[in-house]
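S.K.: Just to be clear, the model below is a prediction. Sequence and coordinates:
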Amino acid sequence: TLAWQMERTELPLDSSPGAPWLLLPPDARAGFDRLARAGPPLARSAFGRPLLGVKSGCNEAFIVTPRPGWREEPGAQWPVRDGAHDGAREGCVEAELLRPLLRGEHVRAWRAEPDDAALVWTHGVDHAVLQQLPPGAAAWLAPWRRRLEARSDTHSGTSSPWWTLFRTESARCDVPRVVWSDIGKSPRALVLPGNDPTVPLNSCYVARAPSYEEALALAALLNSPVAAAWLAAIAEPARGGYYRFLGWTMARLPMPSDWTRAVDLLAPLARAALTGAPPSAPALADAAIRAYRVRPSDVAPLMTWCLR
């Protein structure tokens, strides 16, 4: 049994009404607070608030498995089969309406597990929903019309067509994006370069990056034991030692105040990982500690407690 004493006023996360309590020993709480003071939270940085991945409300309708080669022939109607169940149903969808997808369970540190599925993307290049579907997509989605019309988001007061996808901001690929899974024993983050059409689903969260180098740096920070320890102190626990890395949780992650210097320290580690030489946990921890301009002894109790 572990026991310690602290004032009740020292328990809340912050001074806001209803703030959650952090049950951390005093030395671990001191490390948590030291990092919190090391820079602005992610939501107030150039990355902005994390975005939830795209929500379909009916994956069975929108997730398909195309025959290989669809990316090379965008103008054709392309053979697809059901990608959410047993693949028994087959049909054709315009290849230009197919986009690669990323599910949270396939996100790993630095990379994604291969997935041959695609999403029927019913929005245009401007992300506005198409007002009319081409014949192939219309025929594919038609059996699901009643269920798609019954989705709760469809009744949110808008007059959007029944084939609308929701929360599509995270799918914009005009800038690099950092993607992480919404659940895990520690954060797992990867980078999607600008113009990568991959659509993260709503089992992912996304941060839009000002530049590719900054995206690499944020991914390295999220994959570090330092960020894992800080986030584990506030993340909603799940079963089996897992945590939920939800939007509000990640939005509070402190970013190093000298972000330019932090990018110089962290981005090379992520770049090395992409070339097949992933950094070790101690190397990531050392870079993150230096990026935050704290001493190892400042955060050691927090890391020992939260990563035990």
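M.R.: On my side now, so go ahead.
S.K.: Next, the closest residue to residue 90 other than its chain neighbours: secondary structure please.
M.R.: What sits nearest to residue 90 in space, not counting adjacent residues and going by CB to CB, 6 or more residues apart in numbering, is residue 81, at 4.7 Å. All C-beta atoms are positioned from the backbone trio N, CA, C, and that covers glycine. The three-state label given to residue 81 by DSSP: H, G, I helix; E, B strand; the rest coil is strand.
S.K.: Share the number of residues neighbouring residue 81, please.
M.R.: By the criterion of other CB atoms under 10 Å, residue 81 has 15 neighbours.
S.K.: Do I have it right that it meets residue 93?
M.R.: No: in this structure residue 81 lies outside contact range of residue 93 using CB atoms under 8 Å: 10.5 Å.
S.K.: any residues in contact with both of these two?
M.R.: Counting by CB atoms under 8 Å, 6 or more residues apart in numbering, the shared contacts of residue 81 and residue 93 are residue 64.
S.K.: show me where the stretch 101-250 of the chain has strands.
M.R.: For the stretch 101-250 of the chain, strands defined by DSSP state E, counting those that start in this stretch occupy the ranges 118-120, 177-181, 183-184, 189-192, 199-200, 204-208, 236-237, 243-244.
S.K.: Sheet partners, orientation included, of the third one?
M.R.: When pairs are called by DSSP bridges, strand 183-184 turns out to pair with strand 243-244 (antiparallel).
S.K.: Below-threshold pLDDT in the stretch 101-250 of the chain: ranges please.
M.R.: For the stretch 101-250 of the chain, the stretches flagged by pLDDT under 70 are 154-158.
S.K.: center of the protein, which residue is that?
M.R.: residue 205 (2.6 Å; CA atoms, centre = their mean).
S.K.: any idea how far residue 167 is from that residue?
M.R.: 11 Å (CB to CB, to the nearest Å).
S.K.: so what sits against both of those two?
M.R.: Residues within reach of residue 205 and of residue 167 at once, by CB under 8 Å, 6+ apart, are 51-53.
S.K.: Tell me the one among these nearest to residue 39.
M.R.: Lowest distance from residue 39 to the shared contacts of residue 205 and residue 167 (CB to CB) belongs to residue 51, with 20.9 Å.
S.K.: List the beta-bridge partners for the closest one.
M.R.: Applying DSSP bridges, one finds that residue 51 bridges with residue 206.
S.K.: residue contacts, it?
M.R.: With CB under 8 Å, 6+ apart, residue 51 has these contacts: 167, 169-170, 205-208, 247.
S.K.: I'd like these as JSON lines, with distance to residue 4 appended.
M.R.: As requested, the contacts of residue 51 are arranged in JSON lines below (distance: CB to CB, whole Å):
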{"residue": "167", "distance to residue 4": "42"}
{"residue": "169", "distance to residue 4": "43"}
{"residue": "170", "distance to residue 4": "41"}
{"residue": "205", "distance to residue 4": "33"}
{"residue": "206", "distance to residue 4": "38"}
{"residue": "207", "distance to residue 4": "35"}
{"residue": "208", "distance to residue 4": "41"}
{"residue": "247", "distance to residue 4": "31"}
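S.K.: Now, of those residues, which are buried?
M.R.: Among these, those classed as buried by 16 or more other CB atoms under 10 Å are 167, 170, 205-208, 247.
S.K.: so which two of those residues are the farthest from each other?
M.R.: Longest span within these, CB to CB: 167 and 207, 14.5 Å.
S.K.: Of the contacts of residue 51, which pair is most distant in space?
M.R.: The distance between the two most remote of these (CB to CB) is 14.5 Å, for 167 and 207.
S.K.: follow-up on the earlier one: mind picking the one among the contacts of residue 51 that's closest to residue 30?
M.R.: Closest to residue 30, out of all of the contacts of residue 51 and judged by CB to CB, is residue 247, at 27.0 Å.
S.K.: how near is the closest one to residue 82?
M.R.: Taken as CB to CB, the span from residue 247 to residue 82 is 31 Å.
S.K.: and residue 107, what are its bridge partners?
M.R.: residue 112.
S.K.: let me redo that: residue 82
M.R.: Applying DSSP bridges, one finds that residue 82 bridges with residue 64.
S.K.: in the chain, which spans are helices?
M.R.: Taking DSSP state H to define them, one finds helices in the chain at 26-36, 59-62, 135-141, 145-149, 212-222, 225-232, 247-251, 259-274, 281-292, 296-306.
S.K.: which parts of the fourth one are buried?
M.R.: Think helix 145-149. For helix 145-149, burial by neighbour count (16+ other CB under 10 Å) applies to residue 148.
S.K.: Please put the alpha-carbon coordinates of it into PDB.
M.R.: The C-alpha coordinates for helix 145-149 follow below in PDB (Å, rounded to 0.1, in the frame of the first residue of the first chain):
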ATOM      1  CA  ARG A 145     -30.300   5.100 -47.500                       C
ATOM      2  CA  ARG A 146     -32.900   4.500 -44.700                       C
ATOM      3  CA  ARG A 147     -30.200   3.900 -42.200                       C
ATOM      4  CA  LEU A 148     -28.100   6.900 -43.300                       C
ATOM      5  CA  GLU A 149     -31.200   9.100 -43.100                       C
END
